[in-house]
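Participant: The sequence and its predicted three-dimensional model are supplied below.
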Amino acid sequence: MNDVAAADLSGDALARSNVKKLAVAQALGGANSAVIFATGAIVGATLAPSVALATVPISVYVVGLACGTLPVGMISRSHGRRVAFLLGGGCGVLCGLLGAFALLSGSFALFCCATFFGGLYGAATQSYRFAAADGASAAYRPKAVSWVMAGGVFAGVLGPQLVQWTMDIWPPYLFAASFAAQAVVALIAMALLSTVDAPKPAPADLHGGRPLLEIARQPRFIAAAICGVVSYSMMNLVMTSAPLAMKMCGLSLSDSNFGIQWHVVAMYGPSFFTGSLIVRFGASRVVAAGLVLEAIAAVIGLSGVTAMHFWVGLVVLGVGWNFGFIGASALVLETHRPQERNKVQAFNDFLVFGVMAAGSFSSGQLLASFGWSTVNAVVFPPVLLGLAMLALTGFVRRRAAQRAGMPGPAI
């Protein structure tokens, strides 16, 4: 027993070192998405041939996320996570450079191409949370995931402030300098990621484990994937529409930047204690709390269109996403063996971002055709589906535990 505990402590020492580096990389990488979300709909409305296409650049970013998840998993599995991280960082540099050039040349298509590369970078960034759990003890894994996600707090400050400081540097090309600055931040992230201890997997890990379909059929995995899809998709739907909705309601760019900044802080700020909540109450309960908070954010959005309504709604939405998505990620970690991690985690992210990509193309049309109230009303049915899946999975686990003569989980 003492030998096992000593091994866990040794593994956690390495994991803690990686967590610190990955948390900083998360902050720098998260600035990429923060810049895109803060500017994408506004730039889209300026460059696109129709206002209904305003959120297409953000939707293309999400497509990039979805397209990047499986390659990130395959590269991590065959060459190690560090190679995948560095390739992702290179995509982040391309995003910034292409975005700046697109704004200087007034090209909507090129701007969408830039946000696609931003999505590929985001796919690599999303895998940081799982990389943090590699080699960690079972007790430390939720905290490792949570602490890396906490790096997003600084992304929430860095990204919007980067926009605020640089958006007018190259008049009349609004936001062009913001994307150039984002490319520099991605280069800094690459330098840091090159020091992460993430060796190439052992040959035995490349061929072991169960078939992916067998793992994906587990009720626990199905619930985790559905809750991850719901928490991220609904957050993305509301967040991508919010800056343009605020502009349509007569609010200023500063109001919009302020709302997105605190939304991103709220997305990642709870990560300092979300892992501890998961250890204490269980991942399922934390996920359920997150889904309920997303529904509350929609209620706030339906109750008014003042700056305060937008700000408070976005903050509550961010906290709900944090609980829902980190909790769902912790559930995924319970469904696979060590040698199965790369393919299962990549498949889970593919499901999350693939569904989100399909839905995000409708956000601009939904807002333009039906208004901000409809955007918020769409949140409720998926949230109910996620809660129902958690309840069903909990019921199945309790029945199985009762048959085995053991006490089952509460949820």
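Facilitator: Thanks, I have it.

Participant: residue closest to the middle of this structure?
Facilitator: Gln126 (6.0 Å; C-alpha atoms, centre = their mean).

Participant: Find the nearest non-adjacent residue to that one, please.
Facilitator: Nearest in space to Gln126, with sequence neighbours left out and distances taken as C-beta to C-beta, 6 or more residues apart in numbering, is Asp349 at 5.7 Å. Every residue, glycine included, has its C-beta placed from N, CA and C.

Participant: And for Met74?
Facilitator: Ala346 (7.2 Å).

Participant: how about the helix or strand encompassing that neighbour: buried residues?
Facilitator: If you go by DSSP states H and E, Ala346 is part of helix 341-370. By 16 or more other C-beta atoms under 10 Å, the buried positions in helix 341-370 come out as 341-357, 359-361, 363-368.

Participant: Please name every helix or strand in contact with the helix or strand just after it.
Facilitator: Past helix 341-370, further along toward the C-terminus, the next helix or strand under DSSP H and E is helix 372-377. Packing partners of helix 372-377 (3 or more C-beta pairs under 8 Å, 6 or more residues apart in numbering; DSSP states H and E): helix 219-248, helix 283-302, helix 341-370.

Participant: so which of those gets nearest Ala191?
Facilitator: In this view, these are compared for proximity to Ala191 by C-beta to C-beta, and helix 341-370 is the closest at 24.3 Å.

Participant: avg pLDDT for that closest one?
Facilitator: Helix 341-370 shows a mean pLDDT of 82.

Participant: where's the residue lying closest to Ser254 once chain neighbours are set aside, which helix or strand?
Facilitator: Sequence neighbours aside, Gln164 is the residue nearest to Ser254 in space, at 7.7 Å (criterion: C-beta to C-beta, 6+ apart). Applying DSSP H and E as the criterion places Gln164 in helix 152-166.

Participant: That helix: which residues count as buried?
Facilitator: Buried, per 16+ other C-beta under 10 Å, within helix 152-166: 152-160, 162-164, 166.

Participant: now that helix, how far from the centre of its chain.
Facilitator: 16 Å (C-alpha atoms, centre = their mean, to the nearest Å).

Participant: got it, and stretch 129-147?
Facilitator: 16 Å.

Participant: Also stretch 226-237?
Facilitator: Distance of stretch 226-237 from the chain centroid (C-alpha atoms, centre = their mean) equals 9 Å.

Participant: How about stretch 315-326?
Facilitator: Centroid displacement of stretch 315-326 relative to its chain, using C-alpha atoms, centre = their mean, is 10 Å.

Participant: what is the mean pLDDT for that stretch?
Facilitator: For stretch 315-326, mean pLDDT is 95.

Participant: Please enumerate residues in contact with it?
Facilitator: 129, 145-146, 149, 227-228, 230-232, 235, 238-239, 262-271, 274-275, 277-278, 286-287, 289-297, 300, 386 (C-beta atoms under 8 Å, 6 or more residues apart in numbering).

Participant: go on, stretch 344-351?
Facilitator: Under C-beta under 8 Å, 6+ apart, the answer for stretch 344-351 is 65-66, 69-70, 72-74, 76, 123, 126-127, 130, 212, 215-216, 221, 224-225, 228-229, 332, 335-336.

Participant: among those residues, which are in helices?
Facilitator: Among the contacts of stretch 344-351, the ones falling in helices (DSSP state H) are 65-66, 69-70, 72-74, 76, 123, 126, 130, 212, 215-216, 221, 224-225, 228-229, 332.

Participant: Return the members of these classed as buried.
Facilitator: Buried residues within these, counting neighbours by 16+ other C-beta under 10 Å: 65-66, 69-70, 72-73, 76, 123, 126, 130, 215-216, 221, 224-225, 228-229, 332.

Participant: quick one on the thing from earlier: was I right to think the residue nearest to the centre of the chain contacts Thr69?
Facilitator: Yes - Gln126 is within contact range of Thr69, at 7.3 Å (criterion: C-beta atoms under 8 Å).

Participant: Name the residues contacting each of these two.
Facilitator: Shared contacts of Gln126 and Thr69 (C-beta under 8 Å, 6+ apart): 349, 353.

Participant: quick revisit: confidence-wise, which of the buried residues of helix 152-166 comes last?
Facilitator: For the buried residues of helix 152-166, the pLDDT minimum is Gly156, 73.

Participant: Leaving out sequence neighbours, find the closest residue to that residue.
Facilitator: Val264 (3.0 Å).

Participant: Look at that neighbour and tell me its secondary structure.
Facilitator: helix (DSSP: H, G, I helix; E, B strand; the rest coil).

Participant: pretty sure it is in contact with Ala34, am I right?
Facilitator: Yes - contact criterion C-beta under 8 Å: Val264 and Ala34 qualify, at 5.3 Å.

Participant: measure the closest residue to Ala223 other than its chain neighbours to Val332 for me?
Facilitator: Leaving out its chain neighbours, the residue that sits closest to Ala223 by C-beta to C-beta, 6+ apart is Thr393, at 4.1 Å. Remark: distance between Thr393 and Val332 (C-beta to C-beta, to the nearest Å) = 13 Å.

Participant: ditto for Leu162
Facilitator: Taking C-beta to C-beta, one finds Leu162 at 31 Å from Val332.

Participant: what about the chain, any weak spots by pLDDT?
Facilitator: Residues of the chain that meet the criterion pLDDT under 70 lie in 1-11, 199, 201-208, 405-411.

Participant: Can you check which helix is longest in it?
Facilitator: Taking DSSP H as the criterion, the chain has its longest helix at helix 2-47.

Participant: quick one on the thing from earlier: shared neighbours, Val264 and Ala34?
Facilitator: Joint contacts of Val264 and Ala34 (C-beta under 8 Å, 6+ apart) are 155-156, 159-160.

Participant: What are the neighbouring residues in contact with the residue nearest to Gly156?
Facilitator: 30, 34, 37, 152, 155-156, 159-160, 318.

Participant: Buried residues, the host helix or strand of Val315. List them.
Facilitator: Per DSSP H and E: Val315 is located in helix 307-333. Buried residues in helix 307-333, defined by neighbour count with 16+ other C-beta under 10 Å: 307, 309-333.

Participant: any idea of the angle it forms with helix 152-166?
Facilitator: Following axes from the mean of the first three to the mean of the last three C-alpha atoms, to 10 degrees, one obtains 140 degrees for the angle between helix 307-333 and helix 152-166.

Participant: Near the nearest residue to Phe380 once chain neighbours are set aside, how many other residues are there?
Facilitator: Sequence neighbours aside, Ala295 is the residue nearest to Phe380 in space, at 6.1 Å (criterion: C-beta to C-beta, 6+ apart). For Ala295, the count of nearby residues is 19 (other C-beta atoms under 10 Å).
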